[in-house]
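*Asks:* 3D, please:
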Amino acid sequence: MIYLDHNATTPLLPQVKETLKDLFGEEYGNPSSPYHTGRRARDLLEESRHRLAELLGAKPSELIFTSGGSEGNNMVLRQLLFREDPGHLLVSSVEHPSVLETAKWLTRKNNLSLGILPVDQSGKVPEASMEAAVQPETCFISVMAANNETGTVQPFRELARIARERQVPFHSDCVQYAGKCELDLESSGLNYATLTAHKLGGPKGIGLLYIREGSPFSPLITGGGQERSLRAGTENVAMACAFAECFEWFCSNRSELESRWLGLRKKLLDSLEDVEHCFVLGTPDESLPNTLNLGFQGISAESLLICLDLDGIAVSSGSACSSGAMEASHVLLAMGYSHEQAKSSLRISMGWNTSEEDIEELSRQLIHHVKRLTPISGKLDSNIQIPEPVTEI
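*Replies:* The predicted structure is shown next:
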């Protein structure tokens, strides 16, 4: 099988698999227990936290282990439930559903109004748009670091600076960005950031929430005093160690990975240059190096997905968390693409084990299926008209 959906999840790195096997078998202690096995578990947990803090330019006390990105995003946003005063929440139109849907839910449950930050045709939030959108009542802003569907990298540091000047807490979903790109949390200006391991050759079910020292925070899960009383529940030591292992590997090999991904992406684009009605969604030069979103005018992504799956090639269309429903991506619609164009898009995302042979085979099969499906779908006008980006969802 050729797996090219690493923005959804990744296979485990071999050394991470070994770490998990060893720790799940031997290190079964509860980190809160005072005897030897508990102390050993506590030491391993804190060692992992310190390793991650050093790699991320953060203090260990600023990192909270979670179950993943969606929980981290909910933990940050749902603290707004405890506000007594009316407030104004800003999120971008291209956020992951765990931010966008939670923000909408909050407006139904609390005295909050919601503003949607528009994006330009590359998928970025313009600084001027955010400057104009911040109101005196704005109490929180969330803009992701890099998009899971297009790979577009946001100017999140500049946006965080604007928020800081207005004294508004700023959160960024860094699930796709961290590890693939350099991230120094101390200098980023972020108040909060969410990360996860399973996009980086690590296991599912373990994530990180960064809370800058001095930033307000109310816990979502209460009970015991774990994670400095900010997230109750017995910590998963083996998974935390695996997170540190995979993140360290990605940071150490980032330059090599980026160079390989960029070369493979160019190779794929060059091979598809003469394919009729093939177009790129977003701006690859301003995106994650491992990600490419392609559209095929007049051909549904669902048809291509099925054909490629039968060939043993895994790619995706839209966000993995909602891909069960073949609907036009809200991200691509927000960027100004039509429903038809959005529903023709395939996301190709490479990972630590993607080879040149994988990309060559994908190219061969894509060209074959596009030629075969075009007469069925009907040839459409190849002049792609992109309207202005939308400002509301």
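
*Asks:* can you list contacts of stretch 263-283?
*Replies:* Applying Cβ atoms under 8 Å, 6 or more residues apart in numbering, the external contacts of stretch 263-283 come out as 122-123, 147, 150-152, 284, 289-290, 292-299, 332, 335, 337, 341, 345, 348, 350, 354, 356, 359-360, 362-363, 366-367, 370, 374, 379-380, 382, 384. Every C-beta, even on glycine, is put in place using the N, C-alpha and C of the backbone.

*Asks:* measure residue 294 to residue 154 for me?
*Replies:* Separation of residue 294 from residue 154 (Cβ to Cβ, to the nearest Å) stands at 21 Å.

*Asks:* just residue 226 next, same as before
*Replies:* 32 Å.

*Asks:* between the two ends of stretch 139-158, how far is it?
*Replies:* End-to-end span of stretch 139-158 (Cα to Cα, to the nearest Å): 18 Å.

*Asks:* give the buried residues for that stretch.
*Replies:* For stretch 139-158, the neighbour count (16 or more other Cβ atoms under 10 Å) marks 139-156 as buried.

*Asks:* next one: stretch 60-73
*Replies:* By neighbour count on 16+ other Cβ under 10 Å, the buried set for stretch 60-73 is 62-73.

*Asks:* can you tell me which of the residues you listed is nearest residue 50?
*Replies:* residue 63 (9.1 Å; Cβ to Cβ).

*Asks:* tell me the confidence at that closest one?
*Replies:* Confidence at residue 63, expressed as pLDDT, is 99.

*Asks:* list the contacts of it.
*Replies:* Residue 63 sits next to 49, 52-53, 56, 208-210 when contact means Cβ under 8 Å, 6+ apart.

*Asks:* okay, it and residue 46: tell me how far apart.
*Replies:* To residue 46, residue 63 is 10 Å away according to Cβ to Cβ.

*Asks:* surely residue 90 touches residue 138?
*Replies:* Yes - Residue 90 is within contact range of residue 138, at 6.0 Å (criterion: Cβ atoms under 8 Å).

*Asks:* ok, the two, which is more surrounded?
*Replies:* For residue 90 versus residue 138, neighbours defined as other Cβ atoms under 10 Å are more numerous around residue 90 (25 against 20).

*Asks:* three-state assignment of the more buried one?
*Replies:* strand (DSSP: H, G, I helix; E, B strand; the rest coil).

*Asks:* likewise for residue 95?
*Replies:* Going by three-state DSSP: residue 95 is coil.

*Asks:* and it, how many neighbours?
*Replies:* So residue 95, with other Cβ under 10 Å, has 25 neighbours.

*Asks:* now swap in residue 283 and tell me
*Replies:* Neighbour tally, residue 283, other Cβ under 10 Å: 17.

*Asks:* how much space separates it from residue 137?
*Replies:* 34 Å.

*Asks:* residue 73 now?
*Replies:* For residue 73, the distance to residue 137 - Cβ to Cβ - is 22 Å.

*Asks:* all strands for the chain, in order.
*Replies:* Ranges of strands within the chain are 2-3, 63-66, 87-92, 112-117, 138-142, 170-173, 192-196, 207-211, 278-280, 291-296, 313-314, 345-349, based on DSSP state E.

*Asks:* could you save the ones you listed as JSON lines and add columns showing distance to residue 34?
*Replies:* Listed next are those as JSON lines, based on distance: least, Cβ to Cβ, whole Å:
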{"stretch": "strand 2-3", "distance to residue 34": "44"}
{"stretch": "strand 63-66", "distance to residue 34": "21"}
{"stretch": "strand 87-92", "distance to residue 34": "43"}
{"stretch": "strand 112-117", "distance to residue 34": "43"}
{"stretch": "strand 138-142", "distance to residue 34": "39"}
{"stretch": "strand 170-173", "distance to residue 34": "36"}
{"stretch": "strand 192-196", "distance to residue 34": "31"}
{"stretch": "strand 207-211", "distance to residue 34": "26"}
{"stretch": "strand 278-280", "distance to residue 34": "58"}
{"stretch": "strand 291-296", "distance to residue 34": "47"}
{"stretch": "strand 313-314", "distance to residue 34": "47"}
{"stretch": "strand 345-349", "distance to residue 34": "45"}
